[in-house]
Every structure is written in structure tokens, then in C-alpha cells.
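In: I'll drop the sequence and a predicted model, then ask my questions.
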Amino acid sequence: MAQQAGGQRPQPRAVPDSPEARAYLQDYATLLEAVPFPSLVLDERWDVVLSNAAFASLFGGVGPHPTAMPDDNFLRFVLFHPDAGTVLGEHESSWCLPMLAHFAAAVERDGHDHGLQAIRRDIAQDPIMDAAYRHGLPHWIRVVGERAFAHDGAVRPLLHPDPRWGATECRVVDETPGTLRDLGYTRLTLVLRETRRTPARARGARRSTAHLRVVPAAEG
């Protein structure tokens, strides 16, 4: 991930086999860095292959974590990093459940993948996320329908550390060209919106409840 604007171009984390694909990713990294909004390229396990300086700026204030940094694996960050709710507004309903829905779909398609299995084990070991996955997610999917599995176009709240944005919203835009898709990658851009929102949680708050609000306490 680029550490600051104007620095060296970010290097792809997962290197494809062919020289043509590697060259494409190098050039795509340059394109990504020119985008003013947070933008990232993910593989099928949500490992971050590329991201830009705007992405680094959005998540630059989160603390260290051994397995759930936003520039390493975005799914793990959303689910397991204690600082996720300080950046991702309405963390449970707007970010956790949509990501869990995508994860559940990936497990259904390719449940033997070792990377997906490792994430599932970590979910099972986290009582809050396990309750969300087993109880909250099926209920939420029944309520929202097919929208549960669509990132593109979703409007989600953010708490940007830059006071020029502060509590705002982003529209998630899937910008994946065919060449990236053929490599098994997805590009998402968080288009920041001018609309200001009242923060759903005070900045600096940590996840400390015994169960997610979307999961009835009796089921958690």
C-alpha cells in the first residue's frame, strides 16, 4: 500500500505468473494512485493486492493488529479489528453483515479453500462474530433480500479522520475491469460524499458489547 501521496507506486502483493499480468498490475497501481478517493484491489480471500494513498489516509489512525490490518485483509479488518468501528460508521449493520454475506457466499462456492477455512475458524472463535454469522446474518438476508450480496452502489457511513470530511458517507463502487476480473481480483472505490452525518458511534469507541445489536440477546 502506498504510505503517502507522491511516494513510490504501490507494489502488487500477490504476483501473477505471467509477465504481462505483472506489468498490467504495475500500471494499474499507477492509475489507482491517481484516484482521489479510497480505492483498493482485493483477491478472492479479501487480501489487499493494491490500495492507494487515499485508502491509507482513511485508515491511517487505526492501531496495530497481528492479522486484521486494513491493508492486509479487508474482511478481517471489518470483522476483527477493535478500531474498525472508529472509521466504519454503523459498523455492525452497514459493514459487518454485508461482508459476512459475501463471505458466506464465497464459502458456499469454494468451501475447501484453506484461506476461507481459516477465516471461518476465526469467526467461530469470536463469540460476537459467530453469533452474527449463525444468527444475525440469516435474518438480515431474509430482510434485505438480494441487496445483501451487492456491494456496488451501497451507501455506507464513514468517520473520516480528516476533519474536512469527518462524519460522512461513501458510495461503494465496483470498478473491476475485465482483465482484473480474469486475474481473480475485484476493485472497490469508496466515493466520499459531501453529506455529513451524525456519527453512529463516538470516534475512539471499541467493540465491547456481549452481542451485536442485530442479534437478539437470547441468540447471542
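Out: Structure's in. What do you need?

In: so where's the protein uncertain?
Out: 1-15, 195-220 (pLDDT under 70).

In: that one: helices as residue ranges?
Out: Assigned by DSSP state H, the helices in the chain fall at 19-33, 53-58, 74-80, 97-110, 114-125, 127-131, 137-144, 178-182.

In: got TSV for those helices, with mean neighbour count too?
Out: Backbone N, C-alpha and C define where each C-beta goes, glycine included. TSV is the format used below for the helices of the chain (neighbours: other CB atoms under 10 Å):
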stretch	mean neighbour count
helix 19-33	16
helix 53-58	22
helix 74-80	23
helix 97-110	17
helix 114-125	14
helix 127-131	18
helix 137-144	15
helix 178-182	12
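
In: okay, now Pro163: neighbour count?
Out: 6 (other CB atoms under 10 Å).

In: how about the one 5 residues further on?
Out: Using other CB under 10 Å, the number of residues around Thr168 comes to 19.

In: distance check, the residue most central in space within the chain against Leu42.
Out: Of all residues in the chain, the one closest to the mean position by CA atoms, centre = their mean is Phe74, 4.1 Å from it. For Phe74, the distance to Leu42 equals 6 Å [CB to CB, to the nearest Å].

In: and His151, by the same measure?
Out: Distance of His151 to Leu42, given as CB to CB: 10 Å.

In: those two: which has the busier surroundings?
Out: Leu42 (21 against 15).

In: who are the contact partners of the more buried one?
Out: Val48, Val49, Phe74, Tyr185, Thr186, Arg187, Leu188 (CB atoms under 8 Å, 6 or more residues apart in numbering).
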